[in-house]
Each structure stands twice: as C-alpha cells, then as structure tokens.
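Engineer: this one's sequence-less:
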C-alpha cells in the first residue's frame, strides 16, 4: 500500500519555540490533512489542504500542500504546553486516506 | 450527539471469541470509514461506506473481519475468531462527503480491543 514518511518521529522543545514537521510520499495525493491525537482519543482535524501550493493557517498552525503533491509540512509557532500530543499527516487518494506514523511533540514549560 | 460515538470504549476478549464494535456517525454524514490503529502507529484504512453501500473493503486484513451499515447510519465492525494480532484501537470516522465532494473526516475516540 501507499506509505507516508513523516518526520521527525519525536521532538522535545521549549515552550515558545517554533516547530516544523513534514510528510513525504512516493505517490500523488489530491488532499493533505493534519491531525492531532491525544492519548485515549481519536485524531482531531487541524488543517485540510485541497490544492497543490496551498498555504493555510489556523491560529498558530500553518500548513502547506507541496507543489509536487507528494509532500506537506506543518508549522506550529510559539508552542505552548497544550500542543503536546501526536501529530499525524494524512493523504487522500480517491476514497482512501493514508496516515503517516506520527510526530510525537513534547513541550517543556 | 455532536460527534462520532463508538462503543464499547474498551473490549477484552479471549482468543477465538467473536466481537462486535459499534459506530454512531455524525447525523447526516454520508461517508463512514473504519481504521485500525496499532500502538505507536498511524491509523490504517479498513473499509469505507457511502450510505449503506460498502464501496471499499480492501483494507480488511482477513475474511474474519466484516463490516455493515444496513440503514446508512450506524455501522458495526465484526471480528470473528479473534486472534492476538487483532489487538488494536479501532477508529471510526464520518464525513459529509458524497460523490465528488471533498470533506474532511471526523473521528470517534475508538474502541481499544485486547485479545488475551
């Protein structure tokens, strides 16, 4: 099946720092999404991207849909303790969504 | 309710038993997806419904896995003769999407299945 390579696997940062994570694929997707998952809960949608080159913000979060349609990145600015969690990218191909293996974010107060 | 509801939240079964997991999607959502999430991994697609029609079941790991959505709303994922490797969190997601319309998915909190 399709594989998404998500990096980094984990990050330890200080509160207030900016964070960047990305996702790459060998296949083209027509939609990219970024989710956050807290322990014991389902993933919650952060940002959805529908067009190649699209740059979208949601508060302190900014994500871009790569021009080649094979990659996406998520930036979090001025991190706060509640940003702790696992972030997943997902790419859509027809009716299927493929998820990366996640980036675990730890924020030190 | 406001979100996708899954039950039970936790299920423990002995190897060889059958289990049934339920998903109540957001009212009016056309599309429904089931995913399997192993520990430390991202969700993996199992199957997809549009209303009552199961349009894609290519992700179901074996013929022991069966999903249905008879009235186009509530869905049940059934696993027969469970095995230890079936232990995982099973996530359900729904979206407004019908044909040709792209909408993001909304996830439930999952059922954590443990097979002893």
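Structural biologist: Okay, I see it. Everything quoted here is computed from the prediction, not taken from an experiment. Numbers count the residues shown, from 1 in each chain, chains lettered A, B, ... in the order given.
Engineer: are there helices or strands packed against the helix or strand encompassing residue A:56, and which ones?
Structural biologist: Assigned by DSSP states H and E, residue A:56 belongs to strand A:55-58. Judged by 3 or more CB pairs under 8 Å, 6 or more residues apart in numbering or on different chains; DSSP states H and E, the packing partners of strand A:55-58 are strand A:44-49, strand A:61-65. (Each C-beta comes from the backbone N, C-alpha and C, glycine too.)
Engineer: report the angle between the last one and strand A:44-49.
Structural biologist: Interaxial angle of strand A:61-65 relative to strand A:44-49 (axes from the mean of the first three to the mean of the last three CA atoms, to 10 degrees): 40 degrees.
Engineer: and the helix or strand that strand A:61-65 is followed by, which strands flank it?
Structural biologist: Remark: after strand A:61-65, the chain's next helix or strand is strand A:71-76, criterion DSSP H and E. For strand A:71-76, the paired strands and their directions (DSSP bridges) read strand A:19-25 (antiparallel), strand A:61-65 (antiparallel).
Engineer: those strands into CSV, with extra columns for mean pLDDT, mean neighbour count and distance to residue A:82?
Structural biologist: Shown next, in CSV, are the strands paired with strand A:71-76 (pLDDT from 0 to 100; neighbours: other CB atoms under 10 Å in any protein chain shown; distance: least, CB to CB, whole Å):
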stretch, mean pLDDT, mean neighbour count, distance to residue A:82
strand A:19-25, 96, 21, 13
strand A:61-65, 97, 21, 13
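Engineer: let's have those strands in TSV, adding distance to residue B:30.
Structural biologist: Below are the strands paired with strand A:71-76 laid out as TSV (distance: least, CB to CB, whole Å):
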stretch	distance to residue B:30
strand A:19-25	27
strand A:61-65	24
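Engineer: give the contact list for residue A:72.
Structural biologist: Contacts of residue A:72 were listed using CB atoms under 8 Å, 6 or more residues apart in numbering or on different chains, and they are A:22, A:23, A:32, A:34, A:49, A:63, A:64, A:65, A:66, A:89, A:91.
Engineer: spit out the contact partners of residue A:109.
Structural biologist: Contacts of residue A:109 by CB under 8 Å, 6+ apart are A:15, A:81.
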